[in-house]
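Asker: Fold the following, please.
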Amino acid sequence: MALALAFLPLGGCQTDSKQQVMAVDKSQVELRAIQTRAFDTSDRNLTIRTVISSLQDLGFVIDKADEQLGIISGTKLSGYAMRMTVTVRPRGKTQMSVRASAQYNLVAVSDAEPYQQFFAALSKAMFLTANEVD
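Answerer: Just a heads-up that it's a prediction; the model follows:
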């Protein structure tokens, strides 16, 4: 009887794990939507080069670029430490999927603004490159 009473307070603190899992899944889906864009090109190398140029235009120093894996990492140190890692992979036969992941002082960024800035710069650069404007 004493053992059953000892576990009684713990039962009242239990939360519905299904709700927790669904909440995490929803937030991850929302974050993925903020972090990912598709571009109408099948040229992976061109997309990688344009990502590198866009990061540099935004003040990032490229730390690593792996063409085979399609991963580019850059750090921006002007007043704060932001690191952005971008992956480029095919999406079907006519598109490239670009996903960016940012960290600010080693904490994952879930705010949409840095991603919007990056994708605005990348979209503009992709348009200019596609239309052969330097």
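Asker: roughly how far is the helix or strand containing Arg49 from the heart of the chain?
Answerer: If you go by DSSP states H and E, Arg49 is part of helix 44-57. Chain-centre distance of helix 44-57: 15 Å, with Cα atoms, centre = their mean, to the nearest Å.
Asker: next one: stretch 104-112
Answerer: 10 Å.
Asker: What residues of it count as buried?
Answerer: Neighbour-count burial for stretch 104-112, counted by 16 or more other Cβ atoms under 10 Å, picks out Val109. All C-beta atoms are positioned from the backbone trio N, CA, C, and that covers glycine.
Asker: Identify the residues contacting it?
Answerer: Stretch 104-112 is contacted by residues Ser27, Leu31, Ile34, Tyr80, Ala81, Met82, Ser101, Ala102, Gln103, Tyr115 when judged by Cβ atoms under 8 Å, 6 or more residues apart in numbering.
Asker: Give the burial count for the fifth one, as a bare number.
Answerer: Put plainly, it is Ala81. 12 (other Cβ atoms under 10 Å).
Asker: swap in the fourth one?
Answerer: As a burial measure, the neighbour count of Tyr80 was computed by other Cβ under 10 Å and equals 8.
Asker: What values do phi and psi take at it?
Answerer: Note on Tyr80: its backbone torsions stand at phi -160, psi 170 [degrees, to the nearest 10].
Asker: just to revisit the earlier point, CA atoms of the helix holding Arg49 as PDB?
Answerer: Only the C-alpha atoms of helix 44-57 are listed here, as PDB (Å, rounded to 0.1, in the frame of the first residue of the first chain):
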ATOM      1  CA  ARG A  44      23.400  21.000 -59.000                       C
ATOM      2  CA  ASN A  45      26.900  22.600 -59.500                       C
ATOM      3  CA  LEU A  46      25.400  25.900 -60.600                       C
ATOM      4  CA  THR A  47      23.100  25.900 -57.600                       C
ATOM      5  CA  ILE A  48      26.000  25.100 -55.200                       C
ATOM      6  CA  ARG A  49      28.100  27.900 -56.700                       C
ATOM      7  CA  THR A  50      25.100  30.300 -56.400                       C
ATOM      8  CA  VAL A  51      24.500  29.300 -52.700                       C
ATOM      9  CA  ILE A  52      28.200  30.100 -52.000                       C
ATOM     10  CA  SER A  53      28.000  33.500 -53.700                       C
ATOM     11  CA  SER A  54      24.700  34.300 -51.900                       C
ATOM     12  CA  LEU A  55      26.300  33.500 -48.500                       C
ATOM     13  CA  GLN A  56      29.300  35.600 -49.300                       C
ATOM     14  CA  ASP A  57      27.000  38.500 -50.400                       C
END
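Asker: Right, I'll leave it there.
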